[in-house]
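Chemist: From the sequence below, what's the structure:
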Amino acid sequence: MSKISANLIKPGYILQHEGALWVAVKAVHVKPGKGGAFAQVELKNILDGRKLNERWRTSDTVEQVHLDQKDCTFLYEQGDTLVFMDQANYEQTELSKDFVGEDQVRFLQDGMAVKLQTFEDRPISIALPDHVVLTIVEADAVVKNQTASSSYKPAKADNGMRILIPPYMEAGERVLVSTETGEYLRRAD
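Modeler: Numbering: from 1, shown residues only. So this is what the prediction gives:
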């Protein structure tokens, strides 16, 4: 951990504040005409998701936390538990689906390489690859001469997710999907 000036806080920084770990979601640095400058920071608790707004003067310091990252492989799902294996020492770590988050669980595939972020040997979060390959299992038919709406059509991927794909694509095709936004990127090679 290291102390940093409050005016250096940026979104994505992990801070230790009031005995808990928080991630900076938004950071606005304000220099009013009268009075001292300050940083207005929206924080989100890493473990329970609570939100907090803090205002620090630029002369204040905060504890920035640096998380350790382990290269892990997703092995399998067992009920409400996800099992990951450390690639360095083959130790297995079990995390609940609620802890990982529904948005990330839907992208997990057997054998997928992920980064497990830890603080003092306690899991904090996982970082997925930027994109995954999914197979289209169901695609709506194209309506001819439909120019008033977008050029994409709804489809269902093999993980149960609904995405929009180009009209020329059909069921059975493999596509690249962003794990951050859940949007179609391009056809998979």
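Chemist: Residue 72 and residue 91: what is the separation?
Modeler: 9 Å (C-beta to C-beta, to the nearest Å). (Glycine included, C-beta is placed from N, CA and C.)
Chemist: Name all residues that sit in contact with these two at the same time.
Modeler: Among the neighbours of residue 72, those also in contact with residue 91 (C-beta atoms under 8 Å, 6 or more residues apart in numbering) are residue 85.
Chemist: Compare the two (neighbour count), which wins?
Modeler: Higher neighbour count among residue 72 and residue 91: residue 72, with 22 against 11, using other C-beta atoms under 10 Å.
Chemist: which residues sit against the strand or helix carrying the more buried one?
Modeler: Following DSSP states H and E, one finds residue 72 within strand 68-78. Strand 68-78 is contacted from outside by 82-88, 92-94, 97, 108-119, 126-127, using C-beta under 8 Å, 6+ apart.
Chemist: Of those, which belong to strands?
Modeler: 82-86, 92-94, 113-119, 126-127 (DSSP state E).
Chemist: Please pick the buried ones from the residues you listed.
Modeler: In the ones in strands among the contacts of strand 68-78, burial by neighbour count holds for 82, 84, 85, 93, 114, 116, 117, 119, 126, counting by 16 or more other C-beta atoms under 10 Å.
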